[in-house]
Each structure stands twice: as C-alpha cells, then as structure tokens.
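> next one to model:
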Amino acid sequence: MLGVLVAAVLVLVAGAALAAFVLLRSGYGLLVGGGLPLLVLLVVVGLLGAGLGRAAGRDDGQR
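Sure, this is the predicted structure:
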C-alpha cells in the first residue's frame, strides 16, 4: 500500500505543479495560481492516505 501512496503522490505533485504553471501563465494571481493547486493537492493526498490506511487496516478474516 505504501508503494501505491508514494507513486500516487508523485503523480499528484507533478499535476499540481503543471496546474500552478498553467494558472500563473494564464494571468491568475499568486493566490489562485499557487495556492489553489497546493490546497487541492493537500486535500487529495489526505483523502488518499486515509482511504489507503483504512484499506490496509481492514481485516477480512481470511488467512
């Protein structure tokens, strides 16, 4: 599960950097162009970590 989280976070960070670059080049201010992708990235990574943590901690009773 940790490998999935690490790979997903790398892809999400690259996507947030691309979104920030595009927003800044489009003329949006620093707050929207830099802050919004960071905020969305933190929320998505938090949700992904919580979901993977629940999945890893779940015991289906199959051994």
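> okay, CA-based contacts and neighbour counts for the rest of this
Noted.
> can you classify the most centrally placed residue in the chain by secondary structure?
For the chain, the residue sitting closest to the mean C-alpha position, by Cα atoms, centre = their mean, is Val45 at 3.6 Å. Assigned by DSSP: H, G, I helix; E, B strand; the rest coil, the conformation of Val45 is helix.
> spit out the contact partners of it.
If a contact means Cα atoms under 8 Å, 6 or more residues apart in numbering, then Val45 has Val9, Leu12 as its contacts.
> again, only using 7 Å
Listed by Cα atoms under 7 Å, 6 or more residues apart in numbering, the contact partners of Val45 are Val9.
> what's the helix or strand of the chain with the lowest mean pLDDT packed up against?
Lowest mean confidence among the helices and strands of the chain (mean pLDDT, DSSP states H and E): helix 30, at a mean of 88. Under the contact criterion of 3 or more Cα pairs under 7 Å, 6 or more residues apart in numbering; DSSP states H and E, helix 30 touches no helix or strand at all.
> which residues touch that helix?
Taking contacts as Cα under 7 Å, 6+ apart, the residues outside helix 30 that touch it are Leu24.
> quickly find the element holding the residue lying closest to Gly34 once chain neighbours are set aside.
Taking Cα to Cα, 6 or more residues apart in numbering, and ignoring the residues beside it in sequence, Gly34 has Ala20 as its nearest neighbour in space, at 5.3 Å. Using DSSP states H and E, the secondary-structure element containing Ala20 is helix 2-25.
> report all helices and strands that that helix contacts.
Using 3+ Cα pairs under 7 Å, 6+ apart, helix 2-25 sits against helix 36-57.
> buried residues in the helix it packs on, which are they?
Neighbour counts using 16 or more other Cα atoms under 10 Å place Leu36, Pro37, Leu38, Leu41, Leu42, Val45, Leu48, Gly49, Leu52 of helix 36-57 among the buried residues.
> now, which of those residues sits nearest Gly3?
Looking at the buried residues of helix 36-57 and their distance to Gly3, the nearest is Leu52, at 10.8 Å (Cα to Cα).
> am I right that the residue nearest to Gly34 is in contact with Gly33?
Yes - using Cα atoms under 7 Å, Ala20 and Gly33 qualify as a contacting pair, with a distance of 5.0 Å.
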